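> build me a structure from this.
(chains A and B)
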2 protein chains.
Amino acid sequence: MTERLPRTLEQRKTDTLAKLSAPAADVWVATAGAEPGGHPRSYLVPLSLAWIDERVVLATEVGSVTAGNIISQRHARLGLGPTRDVVMVDAELEHAYGLDEVPADLARRYVMQANWDPRESGGMLFLVLRPLRIQAWREVNELSGRTLMRGGTWIT
Amino acid sequence: MTERLPRTLEQRKTDTLAKLSAPAADVWVATAGAEPGGHPRSYLVPLSLAWIDERVVLATEVGSVTAGNIISQRHARLGLGPTRDVVMVDAELEHAYGLDEVPADLARRYVMQANWDPRESGGMLFLVLRPLRIQAWREVNELSGRTLMRGGTWIT
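Predicted coordinates:
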């Protein structure tokens, strides 16, 4: 494996924004819910992503486990791969829009990046998530300095 | 994008075992814990993986969020990428071994596949997870027939 120098903060931010804005980008979406007994239970799926006005926008089915968990917990943890060049995002739910209420511009920009239109299926939700913490690292030598955003604010 | 025919059950199982057994394979590990207020909270990290005797073996730090969540909830949901050729595994914790108690053969086989030795650091745990459900799909046309294992038993 090539031994690379750790990237600067600025380079990591540039690379992270490029990953978040990439056409047809997918993201691993981890959410949690409560089992009938009250125990926390994790869930994980890959979904298409759009990066719109510093927000992560996802689209998923109204009745899905992911939608239910995000709406009840108002939180998701997102991972963009590959696993040795990751971006991790902790985000809070800002808006959940049904198809009859989603702003046309938001939907249009989602379609442009994700390259599919959730409005063509019934029963979909657009979820707008505000990043609170963003971290990016490749290998062990990048664990230090991996935090790019904290409390919703980019570190400079 | 090339339109591919959906794979057979047998082909998916073969591909899945190849992914799980690949040298230096990484997996996205989603776990859940309870926040101080009792609300479920999701966590997600990429970790190295070994596939040993039909078990997923992970190694992580004793005090990590992932270790704490897996030990308290006895469950993890795992995703192997890329996101358009995924394997999803729901698994239960079978054993958690500290470095002073891990069977030598298990550690040896972990090192062989993962290509690093957790025993060289202090304070690590080996977590042995038993798959209960395994699913594999590439594109939408593979969503049907994606379940390969149910209740810990491979579907035939």
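> helices or strands up against the lengthiest helix in chain A?
Taking residue count as the measure and DSSP state H as the definition, the longest helix of chain A comes out as helix A:9-21. With contacts defined as 3 or more CB pairs under 8 Å, 6 or more residues apart in numbering or on different chains; DSSP states H and E, the packing partners of helix A:9-21 are strand A:50-52, strand A:86-98, strand A:124-137, strand A:147-150. Every C-beta, even on glycine, is put in place using the N, C-alpha and C of the backbone.
> partners of the very next helix or strand once past that helix, with directions?
Later in the chain than helix A:9-21, the nearest helix or strand by DSSP states H and E is strand A:26-34. Paired with strand A:26-34 in the same sheet, following DSSP bridges, are strand A:40-48 (antiparallel), strand A:75-80 (antiparallel).
> could I get these as TSV with mean pLDDT and distance to B:Glu142?
Putting the strands paired with strand A:26-34 into TSV (pLDDT from 0 to 100; distance: least, CB to CB, whole Å) gives the following:
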stretch	mean pLDDT	distance to B:Glu142
strand A:40-48	96	13
strand A:75-80	97	22
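> next, format the ones you listed as JSON lines and append mean neighbour count.
Converted to JSON lines, those look like this (neighbours: other CB atoms under 10 Å in any protein chain shown):
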{"stretch": "strand A:40-48", "mean neighbour count": "22"}
{"stretch": "strand A:75-80", "mean neighbour count": "23"}
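> can you pull the residues of chain A lying near chain B?
The interface of chain A toward chain B, taken as CB under 8 Å from any CB of the partner chain, is made up of A:26-28, A:30-34, A:39-46, A:69, A:73, A:75-79, A:81-84, A:86, A:88.
> what stretches of chain A score poorly on pLDDT?
Low-confidence regions of chain A, defined by pLDDT under 70, span residues A:1-3.
> ok so, going back, alpha carbons of the longest helix of chain A, as PDB, please.
Provided in PDB are the C-alpha atoms of helix A:9-21 (Å, rounded to 0.1, in the frame of the first residue of the first chain):
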ATOM      1  CA  LEU A   9      -7.900  20.200   6.800                       C
ATOM      2  CA  GLU A  10      -8.600  22.200   3.600                       C
ATOM      3  CA  GLN A  11      -7.900  19.200   1.300                       C
ATOM      4  CA  ARG A  12     -10.100  17.000   3.400                       C
ATOM      5  CA  LYS A  13     -12.900  19.500   3.200                       C
ATOM      6  CA  THR A  14     -12.500  19.800  -0.600                       C
ATOM      7  CA  ASP A  15     -12.500  16.000  -1.000                       C
ATOM      8  CA  THR A  16     -15.500  15.700   1.300                       C
ATOM      9  CA  LEU A  17     -17.600  18.200  -0.600                       C
ATOM     10  CA  ALA A  18     -16.700  16.400  -3.800                       C
ATOM     11  CA  LYS A  19     -17.900  13.100  -2.400                       C
ATOM     12  CA  LEU A  20     -21.100  14.600  -1.100                       C
ATOM     13  CA  SER A  21     -21.800  16.400  -4.500                       C
END
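> run the chain-centre distance for it.
Mean-position distance between helix A:9-21 and its chain equals 14 Å (CA atoms, centre = their mean, to the nearest Å).
> buried residues, it. List them.
A:9, A:12-13, A:15-17, A:19-20 (16 or more other CB atoms under 10 Å in any protein chain shown).
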